[in-house]
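Enquirer: The following comprises the amino acid sequence and a computationally predicted model.
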Amino acid sequence: MTNAQSARNWLLDALKDDASISKHFVAVSTNAEKVTQFGIDGANMFGFWDWVGGRYSMDSAIGLSTMIAVGPGAFRRMLSGFHAMDVHFSTAPFSKNMPVLMALLGIWYTDFFGAETHAVLPYNQYLRRFPAYLQQLMMESNGKRVTTDGTPVDAPTSAVIWGEPGTNGQHSFYQLIHQGTRLIPADFICFAKPINPIGQHHQMLISNVFAQAEALAFGKTEAEARAEGVRESLAPHKVFEGNRPSSVLMAEQLTPEILGSLVALYEHITYTQSVIWGVNAFDQWGVELGKALANKILPELDDQNNAPLNHDSSTNALIRRFKTLSVQNRI
């Protein structure tokens, strides 16, 4: 709302007329009264159901900005991909049900092998922000310590989700996945056809996907390293234990339909895991405490009377330090 108010002020600085707001703004909201108070025409309000959670909402009216960016045709194609995965999830037997199988694998590694993180590694630059999207979807949904009836969960819940496009990761954190002391399950995401074909670039990219999965699965023994002519002192450093879990998700090409199915896949994985853990995937009380405390701290940052602070000693010290530095650098 602060961002919206700043945009409103920016527009009024130029147009000088409150009536212009109704001609230049639309709203995605369920609160018609507040929309009207803001100055937006109620006819330009896109509503949605009260049970649509934020992290599950990109295929609802909340996705309006996405539809504007890609066009209604592409957005509808994305919705058809969501629908296809929804149908698969609700009808496929568990033995062939992708969300169910991947959810079970995640629980297997998290609860029985002690894996604390899960890497998502798309080999497509267009999906560079996909791991960040999944961080909210999965960790906000299942990062819970009590079950739906309020009792403590009896097993670790959501893994820490992280990742980057594959070619970047290969030259940075893949070292830890291959030879580190932690077990890190990984999802590789790739496509048989490139969006922008250039020579053999795509074949080289895909060869790396398959090579990474093979290396994680089978590794390299010390005997194999020596057979390659590696000197004795270096041989232990060339050992890869192998038997490290990964899944390769490969579709024909990254299209709006496939993107929709990919997002829906992880939504249903998240839901399936929440059912098994017995937690509520659709609340986020852990987010609310920080918001409530921030609302209390905000006026204290601008308080020129230096009223007594009633936080812990660390927070009080941070507020005082901020006020000192902000005054010193104020022009």
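Expert: Nice, thanks for sending it over.
Enquirer: For the rest of this, base every contact and every neighbour count on C-alpha atoms.
Expert: Fine.
Enquirer: Hmm, residue 279 and residue 147 touching each other?
Expert: Yes. Counting by CA atoms under 8 Å, residue 147 does reach residue 279; the two are 4.3 Å apart.
Enquirer: quick one, strands of the stretch 201-331 of the chain?
Expert: 246-251 (DSSP state E, counting those that start in this stretch).
Enquirer: where does it dip in pLDDT?
Expert: Within the stretch 201-331 of the chain, the stretches with pLDDT under 70 are 328-331.
Enquirer: Now do the buried residues in the host helix or strand of residue 21.
Expert: Counting by DSSP states H and E, the element that carries residue 21 is helix 21-24. Residues of helix 21-24 classed as buried by neighbour count (16 or more other CA atoms under 10 Å): 21-22.
Enquirer: Which one's more surrounded, residue 147 and residue 279?
Expert: The neighbour comparison of residue 147 against residue 279 (other CA atoms under 10 Å) goes to residue 279, with 25 against 16.
Enquirer: now the more buried one: how far from residue 17?
Expert: Separation of residue 279 from residue 17 (CA to CA, to the nearest Å): 50 Å.
Enquirer: likewise residue 306?
Expert: 39 Å.
Enquirer: do residue 128 as well
Expert: Distance from residue 128 to residue 17, by CA to CA: 41 Å.
Enquirer: So between those two, which is more surrounded?
Expert: residue 128 (16 against 10).
Enquirer: Please name the nearest non-neighbouring residue to that one.
Expert: residue 165 (5.4 Å; CA to CA, 6 or more residues apart in numbering).
Enquirer: Neighbours of residue 201, how many?
Expert: Residues near residue 201, counting by other CA under 10 Å, number 11.
Enquirer: repeat for residue 301
Expert: 14.
Enquirer: With residue 243 instead?
Expert: 14.
Enquirer: Then the one 5 residues further on?
Expert: One way to gauge burial is a neighbour count; for residue 248, by other CA under 10 Å, it gives 15.
Enquirer: which SS state does the nearest residue to it once chain neighbours are set aside fall under?
Expert: Spatial nearest neighbour of residue 248, excluding adjacent residues (CA to CA, 6+ apart): residue 188 at 4.7 Å. Following DSSP: H, G, I helix; E, B strand; the rest coil, we place residue 188 in the strand state.
Enquirer: just checking, residue 188 touches residue 122?
Expert: Yes. If you go by CA under 8 Å, residue 188 and residue 122 touch, sitting 5.8 Å apart.
Enquirer: could you give the mean pLDDT of stretch 27-37?
Expert: In this model, stretch 27-37 has an average pLDDT of 93.
Enquirer: how about the CA coordinates for it, as CSV?
Expert: What follows is stretch 27-37, C-alpha atoms only, in CSV (Å, rounded to 0.1, in the frame of the first residue of the first chain):
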residue,chain,number,x,y,z
ALA,A,27,-7.2,-2.7,-8.5
VAL,A,28,-6.8,-6.4,-7.7
SER,A,29,-8.6,-6.6,-4.3
THR,A,30,-11.5,-8.0,-2.3
ASN,A,31,-12.1,-4.8,-0.5
ALA,A,32,-14.4,-2.6,-2.6
GLU,A,33,-14.7,0.1,0.0
LYS,A,34,-11.0,0.7,0.3
VAL,A,35,-10.6,0.6,-3.5
THR,A,36,-13.2,3.3,-3.9
GLN,A,37,-11.6,5.4,-1.1
